[in-house]
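Participant: quick one, fold the following:
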Amino acid sequence: MILPALLLVISFYFRKSAGEYFLSIGANNVPNYDPAYVYLINSLNLAKGVLVSHIDHPGTSVQLIGALIIKTLYYFQGVKADIVEDVFFRPEFYLIRMNFIFVLLNSIVLAILGFVSFKKIGNIYKALFLQLTPFGFSVIYYKITDVTAEAMIVFSVILYVTVIISYIYENELSESKSLRYAVLFGLVCGFGMVSKILFFSLLIIPVLLIKKFSNKIILLSVSILTFTIIFYSAVHTEGISFFAHWILNLITHSGRYGEGNEDFIETTNMVSNLNSIFIKNPLFTLSYLLISTLLILSFFKSFKLKIKNNKNYTLLVGLFLTMTLHTIIVLKHFGVHYMIPVFLLSITGLFVSLGIYSDIVPVLNSRKKIYFSVITLFVLIFTVYNFTIIRKDRREFNYTKYESYKIENYIKENYNDPIVVCTYGCSDKAFALYIGNSYAGIKTTEYNKILINQFPNHLMYNRWINKFDDLGILKDIESKLIRANKFLFLCDEKSVLDNFIDNVKQITGKPNAIYKVAFNNIRGETVYEIILDPSINK
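Facilitator: Predicted coordinates:
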């Protein structure tokens, strides 16, 4: 239970350092609220019996579990008469507890992995080694503290590894047991894919491991059926069509999110992307190299029989194919966090390859315990090293968190209920809720009414299309700005400000509008004071 408890401690430490989800502080310059608030609002939809509209990952498992958490929390601890109002009134209360449950689930399944490994293998050191699965990768630490699809991907892969270990160390694999494992693999893979579609690359390993052809078909059928049942239970028909079209664009276009040119892959940043995968994640690189080397050695006569006759040879081939295919797919639409499913297979890769190396090299065979101890020590050292780096990053996040608080405090102390225009990149609870509402589907207008009532002087500006969002309700944005004459604009880039000023001048008919920097923090978040007609304030 030591490593599952450690995972809990590390996750809580990072969550506390990251601060509230509405803050614009996060890994890779992506605000905390993206996509946490999107998942919050779609989970709220399900809690209300409304189908979701956000299906990008698709993340359905997160939304369904999130809905259950929201309903349970509201039943026992709700403070408002309506569940929607309660979530809008205390979004952070719900998000923090959603994350807690996700982390707890990951810790529980990690404990199960250790228990099953020890029971099947009969070696406590090997069981502990396999429990190192989620450790050693900074991107996993970052994502596990978020409310996003990766939280359930970590859960799914750890469960997946548990089933693999149970299968390959099964003493007597009867027909009925083989069928049960085919079904079990199908259930886990289907759940993984409905959490994040990239999980499909992991189907390779169980398809290779399961020997009987009819059971392979059952495995694939159960995977598809599990995905379909979970997905259809939460997504409306239009969303299903959108998801299918989105997947097609991902295949046929080279840019992220199915955008860009109609090419298979964008090669411009290939070298830097490979560097981000292999150089910055040496644990994955070591595992991949050891696996690849063994497969190369299997073509040599002196090693061929020993390697191919090893009971884990099929798993070795499956790991290589899965890691290779997944890396190619991620290079097509790059993001280091997309590598998480195969990063989590690194320990399994080390476990399998080291076992085979110890069988084919006599000196290693005689010193297996020392061999595994040295590698385990390496993994632990690397994990501590990663933790040190992340601790430094989180210390900076902790500092910038308080810098973001200064934005809110400055406005409260220096202005009396001003009009505040927000855009993506600013730390603002109203804007975070707005981002979530943007994916609320048929509930968007209803939720926006609650948002406006709660934050009547907040306006939303879409920086991507250089336009105010009337939220489907507001009809007098221009006159509201003119009446106020002076208002605030929050953003983190000068180019966004320039576009905003041009837009404001145009829609208000005030070509002499001016601005000044009222306050900014160290991370570039700035409060701009906009005056439409300077002569009025003279």
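Participant: would you confirm that Tyr37 contacts Leu23?
Facilitator: No - using Cβ atoms under 8 Å, Tyr37 is not in contact with Leu23; the gap is 11.4 Å. Every C-beta, even on glycine, is put in place using the N, C-alpha and C of the backbone.
Participant: residues in contact with the closest residue to Leu471 other than its chain neighbours?
Facilitator: Distances taken as Cβ to Cβ, 6 or more residues apart in numbering put Asn448 closest to Leu471, at 4.0 Å, once the chain neighbours are dropped. Counting by Cβ atoms under 8 Å, 6 or more residues apart in numbering, Asn448 touches 434, 437, 471-473.
Participant: make it 6 Å
Facilitator: 437, 471, 473 (Cβ atoms under 6 Å, 6 or more residues apart in numbering).
Participant: and His54, how many residues sit next to it?
Facilitator: 24 (other Cβ atoms under 10 Å).
Participant: that one and Ile41 touch, don't they?
Facilitator: No - the pair His54 / Ile41 is not scored as a contact, 8.0 Å apart, by Cβ atoms under 6 Å.
Participant: how's this protein carved up into domains?
Facilitator: Residue ranges for each domain of the chain read 2-392, 415-537, as given by automatic domain parsing.
Participant: between these, which gets nearest to Asn398?
Facilitator: domain 2-392 (4.7 Å; Cβ to Cβ).
Participant: please pick the buried ones from the contacts of Asn448.
Facilitator: Neighbour counting over those (16 or more other Cβ atoms under 10 Å) leaves 437, 471 as the buried ones.
Participant: among the contacts of Asn448, which one sits closest to Phe93?
Facilitator: Nearest to Phe93 among these, with distances taken as Cβ to Cβ, is Asn437, at 18.0 Å.
Participant: now do the closest one against Ser495, distance only.
Facilitator: 26 Å (Cβ to Cβ, to the nearest Å).
Participant: tell me how far the residue nearest the centre of the chain lies from Lys486.
Facilitator: Geometric centre of the chain, nearest residue: Glu150, 3.5 Å, by Cα atoms, centre = their mean. Using Cβ to Cβ, Glu150 is found at 43 Å from Lys486.
Participant: tabulate the domains of the chain (TSV), appending distance to Asn398.
Facilitator: Output for the domains of the chain, formatted as TSV (distance: least, Cβ to Cβ, whole Å):
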stretch	distance to Asn398
domain 2-392	5
domain 415-537	12
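Participant: lowest average confidence across these, which one?
Facilitator: Of all the domains of the chain, domain 2-392 carries the lowest average pLDDT, namely a mean of 88.
Participant: picking up where we left off before, quickly find the element holding the residue nearest to the centre of the chain.
Facilitator: Assessed by DSSP states H and E, Glu150 sits inside helix 149-168.
Participant: among the contacts of Asn448, which lie within helices?
Facilitator: Asn437 (DSSP state H).
Participant: so which of the contacts of Asn448 is the closest to Thr423?
Facilitator: Leu471 (14.1 Å).
Participant: for that closest one, give its distance to Phe129.
Facilitator: Distance from Leu471 to Phe129, by Cβ to Cβ: 53 Å.
Participant: cool, Pro91 as well?
Facilitator: 40 Å.
Participant: likewise for Asp428?
Facilitator: Asp428 is 45 Å from Phe129, by Cβ to Cβ.
Participant: how about Tyr142?
Facilitator: Relative to Phe129, Tyr142 is positioned 24 Å away (Cβ to Cβ).
Participant: and Lys16, by the same measure?
Facilitator: Taking Cβ to Cβ, one finds Lys16 at 29 Å from Phe129.
Participant: go on, Asn462?
Facilitator: 50 Å.
Participant: with Lys480 instead?
Facilitator: Lys480 is 62 Å from Phe129, by Cβ to Cβ.
Participant: likewise Leu113?
Facilitator: 11 Å.
Participant: now do the strands in the stretch 351-500 of the chain.
Facilitator: 420-422, 458-462, 467-469, 486-491 (DSSP state E, counting those that start in this stretch).
Participant: adjacent strands (with direction) for the longest one?
Facilitator: This means strand 486-491. Applying DSSP bridges, strand 486-491 is found paired with strand 420-422 (parallel), strand 526-531 (antiparallel).
Participant: let's have these in CSV, adding mean neighbour count and distance to Thr400.
Facilitator: CSV is the format used below for the strands paired with strand 486-491 (neighbours: other Cβ atoms under 10 Å; distance: least, Cβ to Cβ, whole Å):
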stretch, mean neighbour count, distance to Thr400
strand 420-422, 22, 18
strand 526-531, 20, 14
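Participant: who wins for proximity to Val271 among these?
Facilitator: Closest among the strands paired with strand 486-491, using Cβ to Cβ: strand 526-531, at 34.6 Å.
Participant: what sits up against the closest one?
Facilitator: Contacts of strand 526-531 (Cβ under 6 Å, 6+ apart): 486-490, 514-516, 518-520, 537.
Participant: rerun that using 8 Å as the cut-off
Facilitator: Taking Cβ under 8 Å, 6+ apart as the rule, strand 526-531 contacts 407, 410-411, 421, 485-492, 497, 501, 504, 513-520, 537.
Participant: with stretch 107-127 instead?
Facilitator: Residues outside stretch 107-127 that contact it (Cβ under 8 Å, 6+ apart) are 1, 3-5, 7-8, 128, 130-131, 133-134, 155, 158-159, 161-162, 165-166, 169-170, 351, 369, 372-373, 376.
Participant: more crowded one of Tyr142 and Phe129?
Facilitator: Phe129 (24 against 21).
Participant: what about that one, distance to Leu344?
Facilitator: Distance from Phe129 to Leu344, by Cβ to Cβ: 14 Å.
Participant: same thing with Phe137?
Facilitator: 8 Å.
Participant: likewise for Tyr399?
Facilitator: Taken as Cβ to Cβ, the span from Tyr399 to Leu344 is 31 Å.
Participant: and those two? Which one has more around it.
Facilitator: Relative neighbour count places Leu344 above the other of Tyr399 and Leu344, with 23 against 13, counting by other Cβ under 10 Å.
Participant: correct me if wrong: that one contacts Val154.
Facilitator: Yes - counting by Cβ under 8 Å, Val154 is a contact partner of Leu344 at 6.7 Å.
Participant: re earlier: which elements pack onto the helix holding Glu150?
Facilitator: helix 60-77, helix 91-121, helix 138-144, helix 175-195, helix 204-209, helix 340-343, helix 346-360 (3 or more Cβ pairs under 8 Å, 6 or more residues apart in numbering; DSSP states H and E).
Participant: what distance do you get for the residue nearest to Ala67 when sequence neighbours are not counted to Lys494?
Facilitator: Leaving aside its chain neighbours, Ala67 sits nearest to Leu46 (3.5 Å; criterion: Cβ to Cβ, 6+ apart). Note on Leu46: its distance to Lys494, by Cβ to Cβ, is 40 Å.
Participant: same check, this time on Ser353
Facilitator: When Ser353 is compared with Lys494 (using Cβ to Cβ), they lie 51 Å apart.
Participant: who has more neighbours out of those two?
Facilitator: Ser353 (26 against 11).
Participant: now do the contacts for the closest residue to Met339 other than its chain neighbours.
Facilitator: Leaving out its chain neighbours, the residue that sits closest to Met339 by Cβ to Cβ, 6+ apart is Val330, at 5.5 Å. Neighbour list for Val330: 198, 277, 338-339 [criterion: Cβ under 8 Å, 6+ apart].
Participant: how about a cut-off of 10 Å?
Facilitator: Neighbouring residues of Val330 by Cβ atoms under 10 Å, 6 or more residues apart in numbering: 198, 201, 273, 276-277, 336-342.
Participant: ok so it is a strand residue?
Facilitator: No - assessed with DSSP: H, G, I helix; E, B strand; the rest coil, Val330 is helix; it does not lie in a strand.
Participant: okay, now Ala518: neighbour count?
Facilitator: Ala518 - counted by other Cβ under 10 Å - has 17 other residues nearby.
Participant: hang on, it packs against Glu525?
Facilitator: No - applying Cβ atoms under 10 Å, one finds Ala518 not in contact with Glu525, separated by 11.8 Å.
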